[in-house]
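> build me a structure from this.
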Amino acid sequence: MRFCIPRVHDSKEVTIRRFRTTPEKITLPFALDYVASISICEVSGSWTWRFDPNNSRKNFLPESDLYQLVCRIFIFLAEHGLMPHEMAEAMNDKLGSVFPVAVIRDFGHAIKLDKWLELIDEIQPVLDQWA
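Model (predicted):
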């Protein structure tokens, strides 16, 4: 996935209107507007994104850290998300298949933005089982 240098816009409103999730799949416009509004900043009288282009190149959880986890783990994957299903399965395999992996159908990368009630429905049984 490639990210470009953030563009600069003349107004806050225009910048918010141009905000998109990656991949572009969202069903709650008010959530999209909210995230857009807290994802921008004013720079020299113009507006741009609070975005670190290096995020796409970071390894957020190095493999060595997987072996140090002392809590229960459950991975929820978005069907149309950025994390490849193979990556979650590989993580699970490296840990000896000790945690479940669930794919939440028809979700984009930003699960909390487009299907948060369905996410709660998926999380609750796991928490009940762990209680």
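
> pretty sure residue 40 contacts residue 15?
Yes - counting by Cβ atoms under 8 Å, residue 40 does reach residue 15; the two are 5.0 Å apart. Backbone N, C-alpha and C define where each C-beta goes, glycine included.

> between these two, which has more neighbouring residues?
residue 15 (23 against 19; other Cβ atoms under 10 Å).

> how about that one, secondary structure?
helix (DSSP: H, G, I helix; E, B strand; the rest coil).

> hmm, back to that, between residue 40 and residue 15, what contacts are shared?
47-49 (Cβ atoms under 8 Å, 6 or more residues apart in numbering).

> out of those residues, grab the one that's most surrounded.
residue 47 (20 neighbours).

> what bridges to residue 77?
When assigned by DSSP bridges, residue 77 has beta-bridge partners residue 103.

> measure residue 30 to residue 113 for me?
Taking Cβ to Cβ, to the nearest Å as the measure, residue 30 falls 10 Å from residue 113.

> burial of residue 87, as a residue count?
Residues within reach of residue 87, counting by other Cβ under 10 Å, total 12.

> to clarify, my last question referred to residue 44.
Quick note: residue 44 (other Cβ under 10 Å) scores 6 neighbours.

> start at 20 instead
With the count now opening at 20, the last piece we talked about shows up as residue 63.

> distance of residue 35 relative to residue 27?
For residue 35 relative to residue 27 (Cβ to Cβ), the value is 14 Å.

> give me the more crowded residue out of residue 49 and residue 132.
Taking other Cβ under 10 Å, residue 49 and residue 132 do not tie; residue 132 has more neighbours (19 against 8).

> and the closest residue to the more buried one other than its chain neighbours, which helix or strand is it part of?
Distances taken as Cβ to Cβ, 6 or more residues apart in numbering put residue 50 closest to residue 132, at 4.4 Å, once the chain neighbours are dropped. Residue 50 belongs to helix 48-56 when elements are defined using DSSP states H and E.
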